[in-house]
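[1] Everything below, folded, please.
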Amino acid sequence: MSEITTILLCLQPVVSTTLFRQLRVISEAMLMMQGRVTMLGISRWAGKGGSYRTLQRFFLSPIRWEALNWALIKPWLCQREGAILIAGDATTVTKAGKKTYGLGRFFSSVYSRAVPGIAFQTLSLIDVGSRCSWPVLMEQLAPPVKPEKANKPAKGKAKRPRGRPKGSKNKNHRDVTLNAEMLQVQSMLKRLLTLIGDTLKPAYFVYDGAFGNNAAVKMTRQVGLHLISKLRSNSALYFEWEGVYAGKGRYPRYGDRVDYAALPDRHLKSDQTQKQVRTRIYQFTGVHKSFADKLNVVIIHKHNLKTGKSARVILFSTDLGLGWESLVEYYRLRFQIEFNFRDAKQHWGLEDFMVIRQQAVNNAAQLSLFMVNLSQAIMAGSGETSILDLKARHHGLRYAQEAFKILPQNADVINFSEWVKKIPVLGSIHCQKMAA
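    Numbering: from 1, shown residues only. Alright, predicted model coming up:
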């Protein structure tokens with residue numbers, strides 16, 4: 001029994017026999033193949049049971065990928081004793097066609113602009129101890145709707161005067177309306193928490209600066225998690241009010257506004273200098289006029305002593321008791337999900353698939369993340385640290401298997417070079433079938 005089959009045995013309770021066999025054949029082919037990961041490419045490297053027609057049926061079948069991912073990673077996460085985080089992020093896959101389901105223009109951080117393609121929202125479980133991210137849920141994002149052009153005001157029309165309009169009322173920041181993306185993320189969080197049940201107890205949801213707002217805080221707290229995210233570097237933060245109550249009226253909420261150029265030393269938690277870069281870390285409980293609740297704020301201020309340039313990062317959490325070291329470490333670990341996207345695109349076909357139907361697009365993207373989990377599980381047992389080494393080993397094993405198939409019973413050393421010539425045709429597009 002191969003190591004792939006051994007690891008995949010945990011999937012048998014949640015999949016049918018046919019799906020298990022197809023998944024095993026496809027996984028083995030993707031681990032040993034080279035070139036673009038498409039249905040045609042997989043079929044060239046798959047052995048018995050991996051025909052192109054079989055792959056078509058597989059990609060068009062409804063599959064509960066979240067159950068597969070959870071069954072695969074559950075044995076590895078249950079062995080850990082450290083904290084478990086839920087991290088989220090979206091990734092964009094460029095597409096040049098016009099018929100792919102969900103095609104639109106999405107922002108890509110690689111190109112720093114909106115590009116034609118499709119996008120996926122992903123949630124993963126991050127093991128703090130091993131610093132490893134295990135993707136579990138993925139959903140495709142709907143293409144953004146182009147806003148209608150507003151009619152330009154007629155020339156000469158009086159503009160609204162400066163200041164607050166007379167009779168306007170204060171906004172209730174606890175009563176927020178979630179946009180489509182946040183509703184989707186909230187639904188995914190509920191599904192993930194229901195899926196893991198009482199097995200794990202994640203307390204924090206980590207997202208990038210896109211969720212650094214009051215609506216994201218309310219969305220996260222509604223599912224029973226604390227949010228860790230990032231604010232803009234020029235956010236208008238205030239210290240808590242620490243004065244003496246006058247005895248009448250409501251208690252003041254806002255103290256002095258935070259001056260990032262002169263932060264009080266009483267909030268300084270760390271001051272280190274490495275390679276002529278001085279890093280100071282401050283922590284305090286702050287308030288923001290756009291947030292309904294207090295925030296646990298950590299400010300990382302870096303100053304280059306050689307060039308004189310400075311930069312800062314403002315992190316926050318809704319857990320007021322979380323220490324600054326843990327808050328910074330948890331937000332740094334969020335980047336592990338980016339490594340999942342990198343591996344899925346470079347090695348497992350997230351950028352290569354050419355299907356266009358909704359079910360096929362979903363299965364192709366989900367398969368790439370499933371292979372991320374499978375490769376991490378294999379490397380955890382084999383001790384390998386690179387997917388390139390993992391694929392090279394399985395690639396060599398496939399060549400060795402084919403070499404032994406063509407060896408005659410009474411091998412003559414003189415003819416060995418002739419046998420070797422038949423092996424490199426594996427995976428080629430135009431080749432003649434070899435007789436065993």
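[2] Low-confidence bits of the stretch 301-436 of the chain, can you list those?
    Within the stretch 301-436 of the chain, the stretches with pLDDT under 70 are 407-436.
[3] which residues in it form strands?
    Along the stretch 301-436 of the chain, the segments classed as strands by DSSP state E, counting those that start in this stretch run 310-317.
[4] What is the neighbour count of the nearest residue to Trp65 once chain neighbours are set aside?
    Leaving aside its sequence neighbours, Trp65 sits nearest to Gln366 (CB to CB, 6 or more residues apart in numbering; 4.0 Å). Yep, even glycine has a C-beta here, placed from its N, CA and C like the rest. Using other CB atoms under 10 Å, Gln366 has 23 other residues around it.
[5] Lys74 versus Gln366, what's the distance?
    Gln366 sits 17 Å away from Lys74, going by CB to CB, to the nearest Å.
[6] dump the residue contacts of Tyr260.
    Ile299, His301, Arg312 (CB atoms under 8 Å, 6 or more residues apart in numbering).
[7] Now name the helix or strand holding the closest residue to Ser2 other than its chain neighbours.
    Of all residues not flanking Ser2 in the chain, Glu28 sits nearest, at 7.3 Å (CB to CB, 6+ apart). Using DSSP states H and E, Glu28 sits within helix 17-32.
[8] what's the answer for Leu192, then?
    helix 180-196.
[9] On the three-state scheme, Asp89 is what?
    Using DSSP: H, G, I helix; E, B strand; the rest coil, the structure places Asp89 in strand.
[10] and it, bridged to which residues?
    Asp89 has these beta-bridge partners by DSSP bridges: Thr122.
[11] from the chain's centre, how far out does the helix holding Leu192 sit?
    In this view, helix 180-196 has its centroid 14 Å away from the chain centroid, taken as CA atoms, centre = their mean, to the nearest Å.
[12] and Ala344, what is it in contact with?
    Contact partners of Ala344, counting by CB under 8 Å, 6+ apart, are Leu350, Ser368, Leu369, Met371, Val372.
[13] at 6 Å what do you get?
    Contacts for Ala344 (CB atoms under 6 Å, 6 or more residues apart in numbering) come out as Leu350, Ser368, Leu369, Val372.
[14] my guess is the second one contacts Leu350, does it?
    It stands for Ser368. Yes - Ser368 is within contact range of Leu350, at 4.1 Å (criterion: CB atoms under 6 Å).
[15] farthest-separated two in the contacts of Ala344?
    Farthest-apart pair in the contacts of Ala344 is Leu350 and Val372; separation 9.2 Å (CB to CB).
[16] so where's the stretch 101-250 of the chain shaky on pLDDT?
    Scanning the stretch 101-250 of the chain for pLDDT under 70 picks out 147-157.
[17] show me where it has strands.
    Per DSSP E, counting those that start in this stretch, the stretch 101-250 of the chain carries strands over the ranges 104-108, 113-127, 132-140, 204-206, 226-231, 237-240.
[18] in its sheet, what does the third one sit against?
    Pointing back at strand 132-140 there. Applying DSSP bridges, strand 132-140 is found paired with strand 113-127 (antiparallel).
[19] CA atoms only: put the strand it pairs with into PDB for me.
    What follows is strand 113-127, C-alpha atoms only, in PDB (Å, rounded to 0.1, in the frame of the first residue of the first chain):
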ATOM      1  CA  ARG A 113      -4.800  46.400 -10.300                       C
ATOM      2  CA  ALA A 114      -8.100  44.800 -11.300                       C
ATOM      3  CA  VAL A 115      -7.600  42.000 -13.900                       C
ATOM      4  CA  PRO A 116     -10.000  39.700 -15.800                       C
ATOM      5  CA  GLY A 117     -10.400  36.400 -14.000                       C
ATOM      6  CA  ILE A 118     -12.300  34.700 -11.200                       C
ATOM      7  CA  ALA A 119     -11.800  35.000  -7.400                       C
ATOM      8  CA  PHE A 120     -12.200  32.700  -4.500                       C
ATOM      9  CA  GLN A 121     -12.800  33.300  -0.800                       C
ATOM     10  CA  THR A 122     -10.900  30.800   1.500                       C
ATOM     11  CA  LEU A 123     -10.900  30.000   5.100                       C
ATOM     12  CA  SER A 124      -8.100  27.900   6.700                       C
ATOM     13  CA  LEU A 125      -7.100  26.600  10.100                       C
ATOM     14  CA  ILE A 126      -3.700  27.700  11.300                       C
ATOM     15  CA  ASP A 127      -1.700  25.700  13.800                       C
END
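[20] Quick check: buried residues in it?
    Within strand 113-127, the residues scored as buried using 16 or more other CB atoms under 10 Å are 115-127.
[21] export these to TSV and tack on distance to Gly396?
    Below are the buried residues of strand 113-127 laid out as TSV (distance: CB to CB, whole Å):
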residue	distance to Gly396
Val115	37
Pro116	39
Gly117	35
Ile118	35
Ala119	36
Phe120	33
Gln121	37
Thr122	32
Leu123	35
Ser124	31
Leu125	32
Ile126	32
Asp127	30
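[22] Nearest residue to Phe67 in space, please, no chain neighbours.
    One thing to correct before we go on: residue 67 is Ala, not Phe. Nearest non-adjacent residue to Ala67, counting by CB to CB, 6+ apart: Val14, 4.7 Å away.
[23] ok, the one you found to Ala344 distance?
    In terms of CB to CB, Val14 sits 22 Å off from Ala344.
[24] Then Thr318?
    In terms of CB to CB, Thr318 sits 30 Å off from Ala344.
[25] Who are the contact partners of Gln22?
    Shown in contact with Gln22 (CB under 6 Å, 6+ apart): Phe58.
[26] and the longest helix along the chain, which residues are buried?
    Across the chain, the longest stretch assigned as helix under DSSP state H is helix 358-382. Within helix 358-382, the residues that count as buried by 16+ other CB under 10 Å are 360-379.
[27] Give me the neighbour count for Val65.
    Let me fix one detail, which is that residue 65 is Trp and not Val. Look at Trp65: counted by other CB under 10 Å, it has 19 neighbours.
[28] what's the pLDDT at it?
    The per-residue pLDDT reported for Trp65 equals 96.
[29] try Gly97
    Looking at Gly97, its pLDDT is 83.
[30] Could you check how far it is from Ile118?
    10 Å.
[31] swap in Arg232?
    Plainly put, Arg232 is 29 Å away from Ile118 if you go by CB to CB.
[32] Can you tell me the SS state at Lys269?
    Assignment for Lys269 (three-state DSSP): strand.
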